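1. model this:
(chains A and B)
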Protein chains: 2
Amino acid sequence: MNNPDEAVIEVERAIVELGACGVQIHSNVDGKALDAPEYFPVFERISQLGRPAFLHPARPMQHADYLAEDVSMYEIFWGLGWAYETSAAMARIVFSGLFDKLPDLKLIAHHWGAYIPHAEGRLAKHWGARASQSADHAYGPLQDNLKHPVIDYFKMFYADTAMFGAQAASQAGLDFFGAKSSMFASDCPFDAEGGRIFMRDTIAVIDSLRCSDADREAMYSTNARALLGLN
Amino acid sequence: MNNPDEAVIEVERAIVELGACGVQIHSNVDGKALDAPEYFPVFERISQLGRPAFLHPARPMQHADYLAEDVSMYEIFWGLGWAYETSAAMARIVFSGLFDKLPDLKLIAHHWGAYIPHAEGRLAKHWGARASQSADHAYGPLQDNLKHPVIDYFKMFYADTAMFGAQAASQAGLDFFGAKSSMFASDCPFDAEGGRIFMRDTIAVIDSLRCSDADREAMYSTNARALLGLN
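-> Numbering: from 1, shown residues only, chains lettered A, B, ... in the order given. Predicted coordinates for the structure are as follows:
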């Protein structure tokens, strides 16, 4: 992504020549947001090719949590910051109008859409009315720049189920995105048993969620097969 | 809080002389984290007086979301950042061992504990095993510095119900903190009807949650009366 022209060519090569099912993109590029104009051709090509992009968080310890500090303490950049990364990237994509420009773009947000379900109340009723408070970055009410209600855009994302066993928050993710846009993921292999713990815990959670058997089948298999072109 | 010695005296005056029910503390002090040693006497005095502290988020637009930027765009500092503030402050309080030093300290976290229920899986099983990756801020596995399992500390917080109508995430908050530690709040008066919208939406959500009538009574009234000394 530090060379967007080449990234467009590589996306094409990976998907068309090599049969890649999708493209992973990190939530920032060396600290830059994904709505920078130079990345638009990459998203455009992914959208044209009909494959999804997996939006993966990336945040280093050097991304401090406090303005008076220079590093993130106690692994907060990981424990809380990575999901903030995903959430902020989603907000940048929405408010910059990327889905209006590329309505067929398919983006998968990690950790069941991260903090977006928690922010649902603000998103649905209040965020769109806010305008910039900065003279250097002036814009009117955010909703005025978008075709659809703010909340609708956040529901355009697909979300994966990698929640490390958090049952209630998983239900919140499912309730927000719906079974049609939720897909199994576990963060395998990053646990002490090479991925088995995360898979086991995630399956236990999904099996416990309030939804239909068809919803569960969609999350475990059907959605991914359709989105990744595996049928 | 920029003068902790005076803050201790003011806490005493407000609670003992004037009958204050609690103390509001922002989630950072001019960009500094609340676990700095100079703030300990403030928390200590609040704890000794048996009243709670309301932990309120504070984050300015100048707190950028991306390392390559100098301001937060699209009101993300508000829409997502404030709840990150609360969550990060909770993590700093936990991992710095404040609850081990002050086991009777009562802290109320805004927005149903913010992002902590989402992070439950990491908190419960993985966060405590992580150690510092920085030579300048060296510490071993975080769990080794704490008396109880990491997850238990996050459940020591009280959490309020101000969620602006987010139903599923409210349920996640309730399931994580339990009715005994959840208390009604709405963010009144910060809406277009001077607080009526937030109150109405929050009551509708609480009335819809899966819990007992006794749980609802606890959240609406009993908990706050006990914690704030209103009985």
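
2. now tell me which helix or strand of chain A has the poorest mean pLDDT.
-> helix A:120-125 (a mean of 89; mean pLDDT, DSSP states H and E).

3. other SSEs contacting that one?
-> Counting contacts by 3 or more Cβ pairs under 8 Å, 6 or more residues apart in numbering or on different chains; DSSP states H and E, helix A:120-125 packs against helix A:150-154, helix B:167-177, helix B:196-208. Any C-beta I mention is one placed from the backbone N, CA and C, and that applies to glycine too.

4. tell me if the shortest one is near chain B.
-> Put plainly, it is helix A:150-154. No. Against chain B, helix A:150-154 shows no contacts by Cβ under 8 Å from any Cβ of the partner chain, the least distance being 9.5 Å.

5. contact partners of that helix?
-> A:90, A:94, A:99, A:113, A:116, A:120, A:123-124, A:127-128, A:142-143, A:146, A:176 (Cβ atoms under 8 Å, 6 or more residues apart in numbering or on different chains).

6. one more time with 10 Å, if that's ok
-> A:87, A:90-91, A:93-95, A:97-100, A:109, A:113, A:116-117, A:119-130, A:142-143, A:146-147, A:176-177, B:79 (Cβ atoms under 10 Å, 6 or more residues apart in numbering or on different chains).

7. before we move on, what about the last one?
-> Around helix B:196-208, the neighbours that count as contacts under Cβ under 10 Å, 6+ apart are A:121, A:124-126, B:160-171, B:174, B:182, B:184-193, B:215-216, B:219-220.

8. buried set for that helix?
-> Neighbour counts over helix B:196-208 (16 or more other Cβ atoms under 10 Å in any protein chain shown) mark B:197, B:198, B:199, B:201, B:202, B:205, B:206 as buried.

9. equivalent analysis for the shortest one, please.
-> Applying a neighbour-count criterion of 16+ other Cβ under 10 Å, one finds A:150, A:151, A:153, A:154 buried in helix A:150-154.

10. export the least confident helix or strand of chain A to PDB, keeping only CA atoms.
-> What follows is helix A:120-125, C-alpha atoms only, in PDB (Å, rounded to 0.1, in the frame of the first residue of the first chain):
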ATOM      1  CA  GLU A 120     -24.900   2.500  17.400                       C
ATOM      2  CA  GLY A 121     -26.900   5.100  19.400                       C
ATOM      3  CA  ARG A 122     -24.500   7.900  18.400                       C
ATOM      4  CA  LEU A 123     -24.300   6.600  14.800                       C
ATOM      5  CA  ALA A 124     -28.000   6.200  14.300                       C
ATOM      6  CA  LYS A 125     -29.200   9.500  15.600                       C
END
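
11. which residues in chain A form helices?
-> Remark: helices assigned in chain A by DSSP state H are A:4-12, A:40-48, A:76, A:82-95, A:98-101, A:110-113, A:120-125, A:150-154, A:167-177, A:196-208, A:213-217, A:223-227.

12. the longest one vs helix A:40-48, what angle?
-> This points to helix A:82-95. 90 degrees (axes from the mean of the first three to the mean of the last three Cα atoms, to 10 degrees).

13. report pLDDT for residue A:50.
-> pLDDT for residue A:50: 97.

14. right, and it touches residue A:229 too?
-> Yes. Under the criterion of Cβ atoms under 10 Å, residue A:50 is in contact with residue A:229, at a separation of 7.5 Å.

15. so what sits against both of those two?
-> residue A:15.

16. which of the two has more neighbours?
-> residue A:229 (16 against 11; other Cβ atoms under 10 Å in any protein chain shown).

17. now do the contacts for the closest residue in space to that one that isn't next to it in sequence.
-> Closest residue in space to residue A:229, ignoring its immediate chain neighbours: residue A:21 at 6.3 Å, by Cβ to Cβ, 6 or more residues apart in numbering or on different chains. Residue A:21 is in contact with A:14, A:15, A:51, A:52, A:54, A:224, A:227, A:228, A:229, A:230, counting by Cβ under 10 Å, 6+ apart.

18. what's near enough to touch residue A:164?
-> A:111, A:170, A:186-187, A:190-191, A:197-198, A:201-202, A:205, B:119-127.

19. and residue A:103, by the same measure?
-> Counted by Cβ under 10 Å, 6+ apart, residue A:103 has contacts A:47, A:147, A:148, A:156.

20. tell me, how many neighbours does the last one end up with?
-> Translated: residue A:156. 18.

21. pick out the residue nearest the middle of chain A.
-> residue A:109 (2.1 Å; Cα atoms, centre = their mean).

22. so residue A:55 sits against residue A:105, correct?
-> No. Counting by Cβ under 10 Å, residue A:55 does not reach residue A:105; the two are 11.1 Å apart.

23. can you list residues touching both of those two?
-> Contacts common to residue A:55 and residue A:105, judged by Cβ under 10 Å, 6+ apart, are A:93, A:157.

24. of the two, who's got more company?
-> It is residue A:55, of residue A:55 and residue A:105, that has more neighbours when counted by other Cβ under 10 Å, with 25 against 18.

25. looking at the buried residues of helix A:150-154, spot the one nearest residue A:27.
-> residue A:154 (15.2 Å; Cβ to Cβ).

26. now do the closest one against chain B, distance only.
-> Residue A:154 sits 11 Å away from chain B, taking Cβ to the nearest Cβ, to the nearest Å as the criterion.

27. how many neighbouring residues does the residue nearest to residue A:177 when sequence neighbours are not counted have?
-> Computed as Cβ to Cβ, 6+ apart, the closest residue to residue A:177 that is not its neighbour in sequence is residue A:159, at 4.4 Å. Residues lying near residue A:159 (other Cβ under 10 Å) number 30.
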